[in-house]
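K.L.:
Any chance you can model this:
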Amino acid sequence: MKIGILGAGSWGIALTALLSSNGHDVTVWSIDKNEIDMLLKYREHKTKLPGVIIDDKVLFTTDVKEAVDGADMLVMVVPSPFIRSTAKTIAPYVVEGQLIVNVSKGIEESTLMTLTDVIKDEIPIANVGVLSGPSHAEEVGKRLPTTVVVSAYDEHTALLIQDAFMTDFFRVYTSPDMIGIELGGALKNVIALAAGIADGLGCGDNTKAALITRGIAEITRLGVAMGGQLETFSGLSGIGDLIVTCASKHSRNRKAGFLMGQGKSYKEAMDEVKMVVEGVYSAKAALMLSRNYGVEMPIVEIINKVLFEDYNTTDAMKDLLTRNRTSESKSLSWNK
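P.N.:
This next block holds a predicted model:
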């Protein structure tokens, strides 16, 4: 296939290496000329993914038309706040039915749309799919065993995406649940901020396990209310992605939370991480969705207070632990 990669950050370059090694003709676009110049000179992203060398046959360009024209598949790998603007940029060059696979994770704050819906909103003629799951770029770039899940509006398209990405170290599953996959990928970043804060405060493994477990409960409640399927949230894009984002040394959301747990503001934490911290952008959207759908999400609520109301992280942790008593699962009942 001829594939255009839109975005040359760590995830874009990791997928470039993967797709190129799979025999596809890959062109990588970035709006940043300095980034493209570096990639052309070294065939490596020296700052965001050092050590992953890109094959000489891969093309790099700042001309978006060059990446889009004639591509069988476009892979959208820009940070979530730039999905709409990038979709606007490429829209004039996209043809009827051209496949765009979103691999970014987030919810658009101003509209509360998932990212595939944002792409479809800007490019109605496109055929849009999504790829998500526990897949840090640093490990995919090293060809470490990884599993993800893909979805699309129809099974044929999902199978096409699966075939394009599948390798002997990158296993791809399919699912019809686009909304569930996208919500799992976006909301886990907010919970990972909480997990990082707990680490920064010096909490232990018990705390991390509690946040992961109660976090997936919150994600599932909202996801099902919005039309996602229960099984999705116990799968790769749900609990799988949540575990890796809450626990991994590669997680920028966990790292930003860690810095906040040590007393830094979210802006200071983001500056130190030096990459987009998606959970910060998804937190307000997650809170608004929870209120719109009448879903209780105490971790999401407290993270919004920490981020945007300068709420003390120690008090935030205490608030979560001292909420009104309740049962673990309200769907279970006692035998009488």
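
K.L.:
Identify, by residue count, the longest helix of the chain.
P.N.:
helix 178-200 (DSSP state H).

K.L.:
for it, what is the average pLDDT?
P.N.:
The average pLDDT within helix 178-200 is 96.

K.L.:
quick one, the next helix-or-strand element following that helix and helix 178-200 angle?
P.N.:
Counting by DSSP states H and E, the next helix or strand C-terminal to helix 178-200 is helix 205-225. If you take axes from the mean of the first three to the mean of the last three CA atoms, to 10 degrees, helix 205-225 sits at 160 degrees to helix 178-200.

K.L.:
What helices and strands are in contact with whatever helix or strand comes next after helix 205-225?
P.N.:
Per DSSP H and E, the first helix or strand lying C-terminal to helix 205-225 is helix 230-233. Applying 3 or more CB pairs under 8 Å, 6 or more residues apart in numbering; DSSP states H and E, one finds that helix 230-233 contacts helix 178-200, helix 205-225. C-beta coordinates here come from the backbone N, C-alpha and C atoms, glycine included.

K.L.:
neighbouring contacts of helix 230-233?
P.N.:
Residues outside helix 230-233 that contact it (CB atoms under 8 Å, 6 or more residues apart in numbering) are 175, 177, 180-181, 184, 216, 219-220, 223-224, 238-239.

K.L.:
ok, now with 10 Å
P.N.:
Residues from elsewhere that reach helix 230-233 (CB atoms under 10 Å, 6 or more residues apart in numbering): 149, 151, 175-184, 187-188, 216-217, 219-224, 238-240, 242.

K.L.:
just the buried members of those?
P.N.:
Neighbour-count burial (16 or more other CB atoms under 10 Å) is assigned, among the contacts of helix 230-233, to 149, 151, 175, 177-184, 187-188, 216, 219-224, 238-240, 242.

K.L.:
need the contact list for the spatially most central residue of the chain.
P.N.:
The residue lying closest to the centre of the chain (CA atoms, centre = their mean) is Lys105, at 2.7 Å. By CB under 10 Å, 6+ apart, the contact list for Lys105 reads 11, 79-80, 114-115, 130, 132, 181-189, 237, 241, 245, 253, 278-279, 282.
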